[in-house]
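S.K.: Below is the sequence, then the predicted model.
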Amino acid sequence: MSLFAEVLGDWRVPVEQDPAARGYVDVLLSYPGFHAITAHRILHRLWRARIPLLPRFLANVVRTLTGIEIHPAAQIGQRFFIDHGMGVLIGETAQIGDDVTLYKNVTLGGTSLGAGKRHPTLGNNVVVGTNASVLGAIVVGNGARIGAGSVVVRDVPPNATVVGIPGRIVLVDGQPARVRTALVDMPDPEGMVVQQLAERITALEAKLTELGAPTQARRAPAINPAIFDDVSPAI
């Protein structure tokens, strides 16, 4: 696709999707996210042409002017939208699909200093909320939603919603996620306690059933074990 077509697609997104936009001139003059992605489209072509030093230098200038840091080597699809944008960081080996939206202070960062792929791959129609960090050479599936402030260090399936630190799947295809084995090595004391409570309630109900006592009559009214059904795996 031509540079003009890519920039035009990026320009249309905030006009069509952001209620704060007051038309194309407003976006052109006052949207740092649009300025940053337009500059990146040019700098990425310079990077692919193997022009030394200049792409990195100009990317640093863009970072100073917009508060958005995008490595010239990052691969970004069509109709990309950075809303507000201050503090956004996109690493060198990041790959981003079409129709992706990032909010301010999002980090698509690495967890390794080694060479090779070390930044995330985001599929199409992904939304990453304010202050979220997506770290490492992981894959975020098409249509996924990353909640504000989340820290994601493992793959996210398509159409999943992830929230929390560490990130937890709370919805998949619009349905509540069930309890599954943790998918991270990061400590999650809160999640462990909740899962232990759910297991304890199940064991107590089984014991009451063995004793012949009605579980509904013996259960404390303030505790509803069903609330634990949607405890989700960590990402």
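M.R.: That came through, no problem.

S.K.: for the closest residue to residue 88 other than its chain neighbours, what are its contacts?
M.R.: The spatially closest residue to residue 88, leaving aside those adjacent along the chain, is residue 68, at 4.6 Å (CB to CB, 6 or more residues apart in numbering). Bear in mind the C-beta positions are built from the backbone N, C-alpha and C, glycine included. By CB atoms under 8 Å, 6 or more residues apart in numbering, the contact list for residue 68 reads 32-33, 36, 62, 82, 85-89.

S.K.: Can you tell me which of those residues end up in strands?
M.R.: Among those, the members falling in strands (DSSP state E) are 82, 89.

S.K.: Look up how far residue 204 lies from the residue nearest to residue 88.
M.R.: Residue 68 sits 53 Å away from residue 204, going by CB to CB, to the nearest Å.

S.K.: For stretch 84-94, buried residues please.
M.R.: Within stretch 84-94, the residues scored as buried using 16 or more other CB atoms under 10 Å are 84-85, 88-94.

S.K.: for that stretch, the distance to its chain's centre please.
M.R.: 12 Å (CA atoms, centre = their mean, to the nearest Å).

S.K.: Domain-wise, how is this protein divided?
M.R.: 3-176, 178-235 (automatic domain parsing).

S.K.: Which of those domains has the lowest mean pLDDT?
M.R.: Of all those, mean pLDDT reaches its minimum on domain 178-235 (a mean of 65).

S.K.: Spatially nearest residue to residue 171 (excluding sequence neighbours)?
M.R.: That would be residue 161: by CB to CB, 6+ apart, it lies 4.0 Å from residue 171.

S.K.: what does residue 67 give?
M.R.: residue 86 (4.1 Å).

S.K.: So what does that neighbour look like in phi/psi?
M.R.: With angles defined as degrees, to the nearest 10, residue 86 sits at phi -50, psi 130.

S.K.: contacting residues for it?
M.R.: Contacts of residue 86 by CB under 8 Å, 6+ apart are 32, 67-68, 104-105.
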